[in-house]
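A.B. asks: Whatever this is, show me its structure:
(2 chains, ligands or ions: 1)
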Amino acid sequence: MTLTVGSSLAERAERVSAVAAVHADDVDVKGRFPREAVDAMIAERLLSIQIPAALGGEDASLSQIAEVCSLLGQSCSAAAMVFAMHHIKLSSLVSHGAGDAWHSAFMRRVSDEQLLLASATTEGGIGGNLRNSICAIEIEGDTCRLTKDATVISYGAHADAILITSRAHADAASTDQVMTVFTKDQYTLEQTHVWDTLGMRGTCSDGWLFKGEAPKEQILPKPFAEIAAQSMLATSHLLWSAVWYGIAVNAVARAQAFVRAAARKSPGQTPPGALRLAEASNLLQLVKSNTIAGLREYEAAKADPDRLSSMGFAVAMNNVKIASSETILAIINQAMLIVGIMGYKNGTPFSIGRHLRDAHSAQLMISNDRILGNTSNLLLVHKQDTSLIG
Amino acid sequence: MKQKIRDILGKHGGLPVPVETLADDADLYAAGLSSFASVQVMLGIEEAFDVEFPDNLLNRKSFQSVDAITRAVSSLVGNAEAAE
Ligand SMILES: Cc1cc2nc3c(=O)[nH]c(=O)nc-3n(C[C@H](O)[C@H](O)[C@H](O)COP(=O)(O)OP(=O)(O)OC[C@H]3O[C@@H](n4cnc5c(N)ncnc54)[C@H](O)[C@@H]3O)c2cc1C
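C.D. replies: Okay, here's the model as predicted:
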């Protein structure tokens, strides 16, 4: 790749973030896809940064991708979440598809054509219980077919391909799952639910009846249990946390601008919101440290499938998600208290309503109760890590 | 030991098929062992053999099949005896 001036990853992400910021309110109000921001991602070739260089990408680490998620989250949560979910899907392809001809060629296509990938794990009758499916993929000769009641597929109507989970065959147990890549020309979507929500409106996470048919080599060559444990769960919790951190950063930045404006008007007097700002800054640092620690743990475990599949790693990633999803709400609420009515109102430089509404999705995006239930089960046998540095 | 392990699997594994129909090397996850149930099986084994699984054995691989569980438990029981 030829690098020109102004083309570091951070600079490219900043440019996309600036575009996303311009349209964020309109995306939210209309509940529409953040088209301009995604077009900017495509122009900056951000959709392929995770892919190995040999397949046309840039070998970006998860930490680098998280930094982009956070930058985008600071301007438009929906655009940031689209970017995060695309890269969560890619992480499964990069980790589990690289040795396989079809999936390698597909990654090359994602790079060349900057294809956008969506995810369909949630299913009617199952909810967020990712590791269970009702629907089963049918294999006949060289062809596979799947029908799924996919109740939530973010930007399903705007994606170029969907990675979708199902049982491995008609007689498979509900936990015996596979994940398959279907490209846009290989499926139809019939809308079953409309995404008219409190927040994260621009993710356009409508419900669809998915019907697809494709060559069976498009099924990822590993059980989904391993894909979930070794790439998807960790990258979801980490990249989501990076997006949420970005939302909280922007809310605190707005609150700080408000406090500083008050301080400048009456020097010598500490504005009333200053103490709360200090508290918000403290919580923000906790979310940041928590996310960074999770990213470090992932980068350290990345090369070792056993470590990625260990209970200790699952507990650590679950804890990152729980902490960041809960803490951002406290932070943004604090920012609202600092700013007052100018934060509550839409359309002021200090508006925080959109941030607060978007942040409320974090605890539901794989329900925290479900995740805590999973961790509590693991802790019946896994002993708590007692080291500080690790 | 294998029989005892099979009994525990039958009781706590929540498998949709009878344990007797599974070979010693059959993949228990493919047979429907969930992560929740695998923890229950671990607890059952810890109680029955009076052992504690160290963290390096708490992964999917150790509970992949009856054979794998037998290997894991043997390594622990062996250690316990050696320590006596
Ligand atoms: C912004 C956003 C984007 C999304 N995008 C996608 C997408 O692109 N693709 C996709 O597949 N999904 C997507 N989802 C869905 C998401 O990942 C979860 O699967 C979904 O939010 C869970 O739905 P639920 O709350 O109805 O179901 P459930 O997980 O069934 O939870 C319902 C309630 O029941 C309780 N509950 C259920 N089971 C348990 C348990 N075992 N222990 C404790 N409590 C329990 C919980 O308290 C929970 O509130 C998205 C969600 C959001 C918010």
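A.B. asks: what number of residues lie near A:G99?
C.D. replies: Here the count is done by other CB atoms under 10 Å in any protein chain shown, and A:G99 has 9 residues near it. Every residue, glycine included, has its C-beta placed from N, CA and C.
A.B. asks: just checking, it is part of a helix?
C.D. replies: No - A:G99: not assigned to a helix; according to DSSP: H, G, I helix; E, B strand; the rest coil it is coil.
A.B. asks: Phi and psi next, for the closest residue to it other than its chain neighbours.
C.D. replies: Beyond its immediate neighbours in the sequence, the residue positioned closest to A:G99 (CB to CB, 6 or more residues apart in numbering or on different chains) is A:P221, lying 7.7 Å away. Backbone dihedrals for A:P221, given as degrees, to the nearest 10, come out at phi -80, psi 20.
A.B. asks: Just confirm B:K61 contacts A:L308, I think it does.
C.D. replies: No - taking contacts as CB atoms under 8 Å, B:K61 lies outside contact range of A:L308: 11.6 Å.
A.B. asks: Looking at these two, which is more packed in?
C.D. replies: Using other CB under 10 Å as the criterion, B:K61 and A:L308 rank with A:L308 on top: 22 against 14.
A.B. asks: mind listing what that one touches?
C.D. replies: Applying CB atoms under 8 Å, 6 or more residues apart in numbering or on different chains, we find A:L308 in contact with A:229-231, A:234, A:301-302.
A.B. asks: And the one residue in the stretch 151-300 of chain A that gets nearest to chain B, which helix or strand is it part of?
C.D. replies: Chain B sits closest to A:A173 of the stretch 151-300 of chain A, with a gap of 2.9 Å, by CB to the nearest CB. Assigned by DSSP states H and E, A:A173 falls within no helix or strand.
A.B. asks: residues in contact with it?
C.D. replies: A:167, B:15-16, B:30-32.
A.B. asks: ok, so of those, who is nearest A:S133?
C.D. replies: Among the contacts of A:A173, A:R167 lies closest to A:S133 (CB to CB), at 4.9 Å.
A.B. asks: so the closest one touches A:S133, yeah?
C.D. replies: Yes - A:R167 sits in contact with A:S133 when judged by CB under 8 Å, with a separation of 4.9 Å.
A.B. asks: pLDDT of stretch A:209-218, averaged?
C.D. replies: When pLDDT is averaged along stretch A:209-218, the result is 98.
A.B. asks: Near chain A, which residues of chain B are found?
C.D. replies: Remark: the part of chain B in contact with chain A comprises B:15-16, B:29-36, B:39, B:42-43, B:46, B:53, B:55-56, B:58-61, using CB under 8 Å from any CB of the partner chain.
A.B. asks: residues near the residue nearest to B:L58 when sequence neighbours are not counted, how many?
C.D. replies: Closest residue to B:L58 apart from its sequence neighbours, by CB to CB, 6+ apart: A:M311 at 4.4 Å. A total of 24 residues lie near A:M311 under the criterion other CB under 10 Å.
A.B. asks: Same question for A:I247.
C.D. replies: Taking other CB under 10 Å as the definition, A:I247 ends up with a neighbour count of 29.
A.B. asks: Counting neighbours, go ahead and name the busier of A:R167 and A:S133.
C.D. replies: Shown here are A:R167 and A:S133; by other CB under 10 Å, A:S133 has more neighbours (26 against 21).
A.B. asks: contacting residues around that one?
C.D. replies: In this structure, A:S133 makes contact with A:123, A:126, A:165-167, A:174, A:177, judged by CB under 8 Å, 6+ apart.
A.B. asks: name the element it belongs to?
C.D. replies: Following DSSP H and E, one finds A:S133 outside all helices and strands.
A.B. asks: Got the confidence number for the nearest residue to A:V320 once chain neighbours are set aside?
C.D. replies: Among residues not flanking A:V320 along the chain, A:G294 sits closest, at 3.8 Å (CB to CB, 6+ apart). According to the model's per-residue confidence, A:G294 sits at a pLDDT of 97.
A.B. asks: Confirm for me that A:G294 is in contact with A:S236.
C.D. replies: No - checked against CB under 8 Å, the pair A:G294 and A:S236 is beyond contact range at 11.3 Å.
A.B. asks: Give me the distance between A:Q334 and A:N282.
C.D. replies: In this structure, A:Q334 and A:N282 are separated by 10 Å, where distance is defined by CB to CB, to the nearest Å.
A.B. asks: Which one's more surrounded, these two?
C.D. replies: A:Q334 (24 against 11).
A.B. asks: What residues does the more buried one make contact with?
C.D. replies: A:Q334 makes contacts with A:255, A:276, A:279-280, A:283, as judged by CB under 8 Å, 6+ apart.
A.B. asks: filter these to the buried ones?
C.D. replies: A:255, A:276, A:280, A:283 (16 or more other CB atoms under 10 Å in any protein chain shown).
A.B. asks: Please name the spatially closest residue to the third one (chain neighbours excluded).
C.D. replies: For A:A280, the nearest residue in space outside its immediate sequence neighbours is A:Q334; the separation is 4.3 Å by CB to CB, 6+ apart.
A.B. asks: which SS state does the one you found fall under?
C.D. replies: Local secondary structure at A:Q334 is given as helix here, using three-state DSSP.
A.B. asks: Please, which helix or strand holds the residue nearest to the spatial centre of chain B?
C.D. replies: Among the residues of chain B, the one closest to the centroid is B:I69, at 4.0 Å (CA atoms, centre = their mean). Assignment of secondary structure by DSSP H and E places B:I69 within helix B:66-83.
A.B. asks: Point out the residues in chain A that sit beside chain B.
C.D. replies: Those residues of chain A that sit near chain B, judged by CB under 8 Å from any CB, are A:131-132, A:168, A:172-176, A:223, A:225-226, A:229, A:306, A:309-312, A:374, A:377-378, A:380-383.
A.B. asks: for the residue in chain B that chain A sits nearest to, what are its contacts?
C.D. replies: Ranking the residues of chain B by distance to chain A (CB to the nearest CB) places B:G32 first, at 2.9 Å. Contact partners of B:G32, counting by CB under 8 Å, 6+ apart, are A:173-176, B:14-17.
A.B. asks: State the pLDDT value of the closest residue to it other than its chain neighbours.
C.D. replies: For B:G32, ignoring the flanking residues on the chain, the nearest one in space by CB to CB, 6+ apart is A:A173 at 2.9 Å. The predicted structure scores A:A173 at 91 on the pLDDT scale.
A.B. asks: just A:G6 next, same as before
C.D. replies: 61.
A.B. asks: Please apply the same query to A:S92.
C.D. replies: Note for A:S92: predicted pLDDT of 96.
A.B. asks: was I right about it contacting A:I227?
C.D. replies: Yes - shown here, A:S92 and A:I227 form a contact pair, counting by CB under 8 Å, at 5.1 Å.
A.B. asks: Roughly how far does A:Y155 sit from A:R167?
C.D. replies: Summarising the geometry, the distance separating A:Y155 from A:R167, computed by CB to CB, is 25 Å.
A.B. asks: Roughly how far does A:D149 sit from A:A120?
C.D. replies: If you measure A:D149 against A:A120 using CB to CB, the figure is 10 Å.
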